[in-house]
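> here are the coordinates; sequence isn't available:
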């Protein structure tokens, strides 16, 4: 048995979403089981089924720990500047 | 992967509404408790699905057979999803869980230790048992701290809602039917009322870790009481009686108060000494053994290079 991860794309603007996992002996049956388990009521218009062993998993520490503050602007300084009448927009 | 320095840190994380994910270094006690809870839920869905399956052939009329078919697929489907979530906790494989269930080493809910004799029983199960199970699951979903379980519960709850509405629809049809239909339904209610009330379990103990770790969000007695307040007026309005001679209404608050609940019956059922425990487990073993050739064929097919 192999473990597979299942992704569904609902109709409309939503992207593919991970919905769960399943066990199956091969790819063909994985697709069949995925339909039976996760799409009995037309929950999606597209489905991806991927063997878990084929997934490339990023290091979560690298994703979470790095300082990304230079890529965000929470607007706090701008708000202060505007209040003080120094903003070029005022 | 996250980790916590102490149980206090971990509990503070849970109290803040944190979601634990499979890769996290969760405390072993948490992993063990959540795993056991999900395994019990998975076992119950599986045993429920096997019972539901009997009614595909027996349900009266094509529409009811189709519903029984859909419900059977739902219950077995829920078991599939839950066994995957449980297996990913790394305590037992899926096969080990199946073997333990069939050997009677693990448990499933009390309501699946009783026998459904008639169509009235089957409707009482859809109406009472599914409502009780749904109420418990919604209370788990609400604050559930284990991410994969919470996500799967959303789906399970939506489908159980379909079962409960179907149960209510059939109950009301029986209520408006012939006197034989009415009597058949009343007998079903008489057999399934107490097991459904007992499904919520005895009052939650103060040291219940499932409550502290935000798996349960509500005490058993609160859910049980809510069930009684909802069901008594509905069943009475439909012209049925409740098989509880001591059931009374508080004159001041109007709330319904149950008579004494037989907790020994609950304990016996869960321990595998219920009225139908033996036959149910035998049925499950036969289903598993009877499908052995399918598993062998699948394994052999998978071993052949494409």
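Nice, thanks for sending it over. None of these values were measured; they are calculated from a predicted model.

> so residue A:20 bridges to which residues?
Using DSSP bridges, the bridge partners assigned to residue A:20 are residue A:6.

> Tell me where the longest helix sits in the chain.
In the absence of a named chain, this looks at chain A. Longest helix of chain A, by residue count under DSSP state H: helix A:27-38.

> right idea, wrong chain: chain B
Criterion DSSP H: the longest helix present in chain B is helix B:28-58.

> Remind me what it packs against, helices and strands.
helix B:62-87, helix B:94-102, helix B:147-175, helix B:209-212, helix B:277-290 (3 or more Cβ pairs under 8 Å, 6 or more residues apart in numbering or on different chains; DSSP states H and E). Using the backbone N, CA and C atoms, a C-beta is placed for each residue, glycine as well.

> From residue A:84, how far off is residue B:136?
56 Å (Cβ to Cβ, to the nearest Å).

> So which bits of chain B are right by chain A?
B:1, B:23, B:70, B:73-74, B:77, B:80-81, B:84-85, B:87-88, B:94, B:148, B:151-152, B:155, B:298-299, B:301-302 (Cβ under 8 Å from any Cβ of the partner chain).

> Just the buried residues out of these, in ChimeraX syntax.
Restricted to buried positions by 16 or more other Cβ atoms under 10 Å in any protein chain shown, the ChimeraX selection for those reads:
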select /B:70,73,74,77,80,81,84,85,87,88,94,148,151,152,155,302
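
> low-confidence ranges in the stretch 1-150 of chain B?
Nowhere does the stretch 1-150 of chain B drop to pLDDT under 70.

> Of all the residues in it, which one is nearest chain A?
Ranked by Cβ to the nearest Cβ, the top residue of the stretch 1-150 of chain B for proximity to chain A is residue B:84, at 4.7 Å.

> what's the closest non-adjacent residue to that residue?
Spatial nearest neighbour of residue B:84, excluding adjacent residues (Cβ to Cβ, 6 or more residues apart in numbering or on different chains): residue A:21 at 4.7 Å.

> I'd say that neighbour and residue B:88 touch.
Yes: assessed by Cβ atoms under 8 Å, residue A:21 is found in contact with residue B:88 at 6.9 Å.

> Let me see the contact set for the most centrally placed residue in chain B.
Nearest to the geometric centre of chain B sits residue B:133, at 4.7 Å (Cα atoms, centre = their mean). With Cβ atoms under 8 Å, 6 or more residues apart in numbering or on different chains as the criterion, the residues that contact residue B:133 are B:44, B:109, B:111, B:160, B:199.
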